[in-house]
Structure formats: structure tokens, C-alpha cells
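J.: Sharing a sequence plus its predicted fold:
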Amino acid sequence: MSKWGTIATWRMAHEGVVKASKLLAENGSAGDAVETLINEVEAFPFYKSVGYGGLPNEEGVVEMDAAFMDGDTLAQGAVGGIQNVKHAVSVARALSHQHYNSFRVGEGATKFAMKNGFEMTNMLTDRAKARWQKRLKELQATDKPYDGHDTVGAITLATSGSMAAGTSTSGLFMKKAGRVGDSPLSGSGYYVDSTIGGAAATGLGEDIMKGVLSYEIVRRMGEGETPQDACDHAVYPFIEKLKKRYGKAGEFSLVAMNNQGEWGTATNVEFTFSVATADEPARILMANPGPDHTTIIEPVTQERLDAYEKRIHAPIE
């Protein structure tokens with residue numbers, strides 16, 4: 001049986017992983033699978049850190065970052081601070097076909113999407129607006145405005161051996177206008193090479209980009225490390241280095257998959273992810289930092305999943 005697989009960050013990616021796994025099992029392309037996976041997350045209004053319903057910047061504007069990479073050709077496309085576009089990753093994929101001008105930001109990215117027929121919509125849902133207004137009131141009593149920065153990052157492996165990577169996020173909640181994180185930055189938020197494998201990141205972009213961790217994980221896999229060893233050896237020593245030299249380190253979580261469908265993850269927080277391969281059906285797992293630069297991975301309990309569903313659908317008070 002030909003190998004295929006996909007892995008993606010957070011519980012929110014699971015339905016997308018299920019869709020992507022069906023495509024891959026039917027010999028679909030890695031690019032179509034990763035786009036389908038991320039589109040599923042972007043379209044769901046109750047995921048507050050990606051796409052439609054994503055949380056806005058401090059001015060109440062939803063600015064999205066996204067990227068796409070073809071592991072066969074190494075072609076990449078990315079957008080930063082794009083507005084009013086339903087599927088930012090699809091725009092990034094379209095840009096990956098261009099040799100020049102493949103990374104577009106702000107108004108230029110939005111105009112490209114409009115001119116090329118991508119679905120445009122007001123991305124600030126009533127729910128997200130209510131959460132933003134609530135946060136504005138809370139800021140009158142605190143000087144810590146930032147909250148939430150979960151990116152959907154995904155890697156896919158097709159039966160053909162081709163691989164792809166993609167990311168999408170509305171970024172840091174209450175960020176300054178024009179702020180861009182690691183998600184659209186090659187080597188930081190994502191990287192994939194079909195001859196080796198791929199990796200994707202989620203967490204505090206300003207700190208993740210200091211280590212170019214997605215590329216470092218792929219580099220290590222290219223030298224023969226398993227995806228799990230590559231994640232552990234890239235992430236945990238860098239977090240220690242950052243604490244020592246920068247004084248602190250934000251949240252880091254990375255996932256990886258090689259061109260054999262083997263996968264790994266490393267994190268410094270409690271982190272959920274979803275994975276499916278030709279050998280194992282789509283499932284949601286929990287990762288936590290373990291002793292001696294290792295990662296503890298275990299199934300997510302139904303109780304935790306139920307609590308998550310209740311939390312994301314809870315009314316904004």
C-alpha cells in the first residue's frame with residue numbers, strides 16, 4: 001500500500017485532517033489536501049484564531065497571514081495582513097505559482113485576491129466583534145493586551161511521494177495593525193521538501209521566527225533523524241537558548257512528518273494536534289513537554305474534547 005499522511009496543529013484542524021486523509025487515500029495531490037484541510041478551519045466561525053470569525057487587531061480589523069509550499073518544486077506563496085478574504089491559504093497557493101511577487105502583504109495582497117476571483121467577505125463576525133469589544137473594556141484594567149495566537153499549520157504526503165505545507169492564522173489577538181508573525185515566513189512557520197519531509201509551527205511568532213525552527217527540523221530529518229527526534233532536538237535546546245540570551249520564550253509547538261509518513265511533535269505548552277496516515281486513522285492527540293528534552297504524547301480524553309466544544313460555543317458575556 002502506498003504511503004500517505006497528514007499532520008496539523010490543534011484540535012481545530014481535525015475535521016480538515018479527516019477530509020484531507022480521504023483525498024490522500026484516493027491518490028489526491030498533496031497540495032489539494034493541505035489546502036482542503038486548512039480551508040475547513042478557515043471557514044468555521046467558532047475557531048477564533050483562524051479565518052472567518054478570527055479575532056481582530058486592536059483596531060477591530062481582521063488581518064490574516066497564510067502560506068503554501070510545494071515540496072516538489074520548493075515553490076512558495078504567502079500573504080501577510082490580508083483582509084476580507086475567506087480563504088487566505090488559497091490566495092497563498094495561487095501566489096506560489098508566480099516566480100516574482102509571490103509574497104504579498106496588506107492592500108496588495110487583498111487586491112490580488114479581489115482581481116483573481118477569490119471569495120471576499122467581512123471576516124469580523126458578530127461573535128468576534130463582541131469578544132473584541134469585551135477585550136477593549138478589559139484593557140482599561142490591564143496592560144497585557146495580547147491573548148491567543150493559534151495557527152493552523154499542516155503537512156501532507158501524497159501516495160505519489162509529493163508533499164506540501166500550509167499555514168493560516170488571524171494572528172495575535174489585539175495586535176498592532178500590520179503586525180506579521182512567523183506563519184507566512186519560510187523556514188519559521190513552515191517548510192517542506194518532498195525528498196525529506198516538512199514541519200509547521202504555532203505559537204508566539206515573534207519568538208518562533210528567532211529560531212527558524214521549521215527549517216531546522218526538516219534539516220535534521222534530512223540528516224537522518226526521525227521526525228520526533230528532529231522536533232525534540234530542534235525545539236527544546238532553542239527554547240533554553242532563547243531564555244538564556246533573550247530572557248524569555250513564548251509558546252512554541254511544532255509538528256513534522258517525513259516522506260515515509262512518520263511524524264513527530266515538540267512543545268513547551270499543552271498542545272493538541274491531529275494526525276492521519278495510511279496506517280492509522282485520523283485522531284486527536286495531546287502533547288506536553290517531558291523530561292530531558294522529550295515530548296509526552298497521549299490520546300485526548302472525551303471529557304476534554306467535550307469541554308473544548310462547550311468552550312468554543314459559549315456565549316460572549
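T.: Here it is on my side, so go on. Residues are numbered from 1 along each chain as shown.
J.: what bits of the stretch 1-150 of the chain have low per-residue confidence?
T.: 1, 143-149 (pLDDT under 70).
J.: now the strands for it?
T.: For the stretch 1-150 of the chain, strands defined by DSSP state E, counting those that start in this stretch occupy the ranges 5-9, 64-70, 76-82, 103-105.
J.: What's the separation between Pro45 and Val61?
T.: Relative to Val61, Pro45 is positioned 17 Å away (CB to CB, to the nearest Å). (Each C-beta comes from the backbone N, C-alpha and C, glycine too.)
J.: Same check on Ser214?
T.: Separation of Ser214 from Val61 (CB to CB) stands at 28 Å.
J.: Neighbour count for those two, which is higher?
T.: For Ser214 versus Val61, the count of surrounding residues by other CB atoms under 10 Å is larger for Ser214: 32 against 14.
J.: Pretty sure that one sits in a helix.
T.: Yes - counting by DSSP: H, G, I helix; E, B strand; the rest coil, Ser214 is found in a helix.
J.: ok, now which ones touch it?
T.: Shown in contact with Ser214 (CB atoms under 8 Å, 6 or more residues apart in numbering): 187-191, 198-201, 254.
J.: what's the most distant pair in the residues you listed?
T.: Farthest pair in the contacts of Ser214 (CB to CB) is Ser188 and Gly198. Separation: 13.3 Å.
J.: quick one: which of those two has more around it?
T.: More neighbours surround Gly198 than the other of Ser188 and Gly198, with 33 against 23 (other CB under 10 Å).
J.: so which helix or strand takes in the more buried one?
T.: Using DSSP states H and E, Gly198 sits within strand 197-203.
J.: average pLDDT across that strand?
T.: Strand 197-203 shows a mean pLDDT of 98.
J.: Give me the angle between that strand and strand 64-70.
T.: If you take axes from the mean of the first three to the mean of the last three CA atoms, to 10 degrees, strand 197-203 sits at 170 degrees to strand 64-70.
J.: How much space separates Asn101 from Asp150?
T.: Asn101 is 29 Å from Asp150, where distance means CB to CB.
J.: longest helix of this protein?
T.: Using DSSP state H, we find that the single longest helix of the chain is helix 227-245.
J.: Give me the contacts around that one.
T.: So helix 227-245 is in contact with 197, 199, 207, 210-211, 213, 216-218, 220-221, 225, 248-249, 252, 254-258, 262-268, 289, 293-295, going by CB under 8 Å, 6+ apart.
J.: Could you pick out the buried ones from the residues you listed?
T.: By neighbour count, with 16 or more other CB atoms under 10 Å, these hold 197, 199, 207, 210-211, 213, 216-218, 220-221, 225, 249, 252, 254-258, 262-268, 289, 295 as buried.
J.: Out of the residues you listed, list just those in strands.
T.: Counting by DSSP state E, the part of the buried ones among the contacts of helix 227-245 found in strands is 197, 199, 252, 254-258, 263-267, 289, 295.
J.: Give me the lowest-pLDDT entry from these.
T.: Lowest in pLDDT among those is Phe252, which has 93.
J.: what bridges to it?
T.: Per DSSP bridges, the residues bridged to Phe252 are Gly203.
J.: Buried residues, the longest helix of the chain. List them.
T.: Within helix 227-245, the residues that count as buried by 16+ other CB under 10 Å are 227-236, 238-239, 242.
J.: mean confidence for that helix?
T.: Here the average pLDDT along helix 227-245 is 98.
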